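S.K.: Please work out how this folds:
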Amino acid sequence: YMNPGLIFEELGFRYFGPVDGHDVQRMISTLRDLKDVKGPAFLHVITQKGRGFDEAEADPSGYHGVSARPKVVETCLIEAAGKQAPPAERQDCCKHFGPLMVKFAEEHDNLVAITAAMPSGTGLTVFAEKCPDRYYDVGICEQHAVALAGGLARGGALPVAAIYSTFLQRAYDQVFQELALQSAHVVLCMDRAGVVGGDGMTANGAFDIAYLRPIPRTTLLAPADLAEMEAMIAFSLGHEGVVALRWPKAPFLFTPLPGNDAPIELGRSVTLREGEDLALIAYGAMVETCLEVAARLAEQGVEATVINGRFAKPLDEDALVKAAERHPLVVTVEDHALHAGFGSAVAECLIDRGAVPTRLARIGLPDRFIEHGSRSDLLRRYGLGA
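M.R.: Predicted coordinates for the structure are as follows:
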């Protein structure tokens, strides 16, 4: 009765194992034999997470995926020349998020952070070290992470759940039932929003605007630089209901984009550049790209207005109507699926307000699963490069 395979035999599986998953020859032999087994088979394999990588072996919970050990360059050429390295202009959003959470924890005694087996991927490792009693890693169970956030919120805590955009899909019912329906104040920070690329089709976060926008009592927003990211998180911690922020697996500028330093106000966009020929209405990571587009167009004598939408819900309807009335062409740009995304929200708004421009174009990801590749290459491939 103590046989570890008994439960699987009762479920109708033929149970085999356990076997050493690091014994390659035995694994090959076992898998070859199992091809001849009739019916469903269950092979129990035991492995050590991060095997061969000392840091991962010592801290398996901190390593979701392990890559080849990078080559260490011991001497920095800049330092060797007796010069100080210049300060970095950019940083990955996830690396910036962790220290921000520590800062906000000092300002909010009831703030807690939750993740689903992604402490390093979301940037919460530093928070776990600094605030271990206010940090929850529930393992690979996004449903429980969101339900836990809802319960903690009802109990007086201020939960921030950091989950990849694509993996929050697993907890859709909990966002509806345990958060929105209960009017729970929970901040959802969606890392890896948009094109991720290097992790394949399953990791691209192309659908979060579409699946969150219809749910009542939700607010959706996206930063375009790290200063705006900090301001938006501060706003979210003080705003009731479900607040969902998205940012990419990509570096953002530390300093605000030109004109992007206005305070965050609910449902308010900010105009970063004025032009008469067309309006580019961008969301999140695409704002900086649209500023580059506007600069290139200006060299050809075409002047573009650039609007940082900031919010996908609620939209800045007055600003959108004004842009549609002033420009013969309005273009929405987003790092998200076109169907039911930010551009769709803008189009719905203009139709409802009777302000459809001469031409409205939407640029975003097509109706397909985005394949493996680098983020920059995939953005160019699908028309989202400058």
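S.K.: and residue 248, how far is that from residue 334?
M.R.: In this structure, residue 248 and residue 334 are 11 Å apart, going by C-beta to C-beta, to the nearest Å. (C-beta placed from N, C-alpha, C; glycine too.)
S.K.: neighbour count winner among the two?
M.R.: Ranked by neighbour count (other C-beta atoms under 10 Å), residue 248 and residue 334 place residue 334 first, with 29 against 25.
S.K.: okay, and the common contacts of residue 248 and residue 334?
M.R.: residue 284 (C-beta atoms under 8 Å, 6 or more residues apart in numbering).
S.K.: Tell me the buried residues in the helix or strand where residue 320 lies?
M.R.: Using DSSP states H and E, residue 320 sits within helix 317-326. By neighbour count on 16 or more other C-beta atoms under 10 Å, the buried set for helix 317-326 is 317, 319, 320, 321, 322, 323, 324.
S.K.: ditto for stretch 36-49
M.R.: For stretch 36-49, by 16+ other C-beta under 10 Å, it's 42, 43.
S.K.: Then stretch 198-210?
M.R.: 203, 204, 205, 206, 207, 208, 209, 210.
S.K.: okay, and the helix or strand of this structure with the least pLDDT?
M.R.: Least confident helix or strand, the chain: helix 77-80 with a mean of 41, by mean pLDDT, DSSP states H and E.
S.K.: now residue 375: how far from residue 285?
M.R.: Taking C-beta to C-beta, one finds residue 375 at 10 Å from residue 285.
S.K.: more neighbours, those two?
M.R.: Each of residue 375 and residue 285 has its neighbours counted (other C-beta under 10 Å); residue 285 has more, 28 against 19.
S.K.: So that one sits against residue 224, correct?
M.R.: Yes. Between residue 285 and residue 224 there is a contact under C-beta atoms under 8 Å: 7.0 Å.
S.K.: what residues are shared contacts of those two?
M.R.: residue 252.
S.K.: Restricting to C-alpha, output stretch 200-220 in CSV.
M.R.: The C-alpha coordinates for stretch 200-220 follow below in CSV (Å, rounded to 0.1, in the frame of the first residue of the first chain):
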residue,chain,number,x,y,z
GLY,A,200,8.2,30.8,-27.5
MET,A,201,4.5,31.1,-28.3
THR,A,202,3.2,30.3,-24.8
ALA,A,203,5.0,33.3,-23.2
ASN,A,204,3.8,36.2,-25.4
GLY,A,205,1.4,38.4,-23.4
ALA,A,206,-0.8,39.4,-26.3
PHE,A,207,-4.3,39.2,-24.8
ASP,A,208,-4.4,40.9,-21.4
ILE,A,209,-6.2,44.1,-22.5
ALA,A,210,-8.8,42.0,-24.3
TYR,A,211,-9.6,39.6,-21.4
LEU,A,212,-9.6,42.3,-18.7
ARG,A,213,-11.3,45.2,-20.4
PRO,A,214,-14.9,43.8,-20.3
ILE,A,215,-14.8,43.1,-16.5
PRO,A,216,-16.5,45.9,-14.4
ARG,A,217,-14.6,47.6,-11.6
THR,A,218,-11.3,47.2,-13.4
THR,A,219,-8.7,49.9,-14.4
LEU,A,220,-6.1,49.2,-17.0
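S.K.: Let me see the mean pLDDT of it.
M.R.: Mean per-residue pLDDT for stretch 200-220: 96.
S.K.: so what's residue 196 up against?
M.R.: Per C-beta under 8 Å, 6+ apart, neighbours of residue 196: 166, 203, 204, 205, 248, 249, 375.
S.K.: can you do 10 Å?
M.R.: Contacts for residue 196 (C-beta atoms under 10 Å, 6 or more residues apart in numbering) come out as 164-166, 202-206, 248-250, 370, 372-375, 378.
S.K.: any low-confidence regions in the stretch 201-350 of the chain?
M.R.: Along the stretch 201-350 of the chain, no part satisfies pLDDT under 70.
S.K.: quick one: which of the buried residues of helix 317-326 is nearest to residue 22?
M.R.: residue 320 (57.5 Å; C-beta to C-beta).
S.K.: before we move on, back to that, and the contacts of residue 196, which of them are in strands?
M.R.: Judged by DSSP state E, strands contain the following of the contacts of residue 196: residue 164.
S.K.: Please flag which of the contacts of residue 196 sit within helices.
M.R.: In helices, judged by DSSP state H, the following of the contacts of residue 196 are found: 165, 166, 375, 378.
S.K.: How about the one helix or strand residue 153 maps to, which residues are buried there?
M.R.: Element membership of residue 153 [criterion: DSSP H and E] is helix 142-154. Residues of helix 142-154 classed as buried by neighbour count (16+ other C-beta under 10 Å): 142, 143, 144, 145, 146, 147, 148, 149, 150, 152, 153.
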